[in-house]
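Novice: how does the following fold in three dimensions:
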Amino acid sequence: KGMAEVPKKAEEALRSKMKVLARRRCDPLIRQYVECTKEHSFTVMWACREPLGSMNDCMHRLTSHAVLEDVKRQWVAAGRPGNMEWMPDVG
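Specialist: Presented below is the predicted three-dimensional model:
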């Protein structure tokens, strides 16, 4: 099953939706990292390494090329909806 054929403009919109959903799913980890940076202003590089890694792992997992290809397949399968409310299932 090859890549879904999707116009460039639609792919950019789908990539944006994917990132929005990833941020929502990763929000608790993003918040943990932000809180850590507030508590450790001078030692952030060392003190917040673990929360940063967790946040990055979450975001990368939900915004990979494979996830984008799945989002494109979902969009095509849904009949290429043009409405802004349509959202794919990510993660």
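Novice: what residue in this structure is the furthest from its centre?
Specialist: Distance from the centre of the chain peaks at residue 42, with 28.9 Å (C-alpha atoms, centre = their mean).
Novice: for that one, which three-state class applies?
Specialist: When classified by DSSP: H, G, I helix; E, B strand; the rest coil, residue 42 comes out as coil.
Novice: any idea how far it is from residue 48?
Specialist: Using C-beta to C-beta, to the nearest Å, we find residue 42 at a distance of 11 Å from residue 48. All C-beta spots, glycine's among them, are computed from the backbone N, C-alpha and C.
Novice: next: residue 81.
Specialist: For residue 81, the distance to residue 48 (C-beta to C-beta) stands at 40 Å.
Novice: what about the chain, any weak spots by pLDDT?
Specialist: Along the chain, the parts satisfying pLDDT under 70 run over 1-4.
Novice: that older thread, neighbour count winner among residue 81 and residue 48?
Specialist: residue 48 (20 against 10; other C-beta atoms under 10 Å).
Novice: stretch 79-91: end-to-end distance?
Specialist: For stretch 79-91, the separation between the terminal residues is 21 Å (C-alpha to C-alpha, to the nearest Å).
Novice: report the buried residues of stretch 75-91.
Specialist: Buried residues in stretch 75-91, counted by 16 or more other C-beta atoms under 10 Å: 75, 88, 90.
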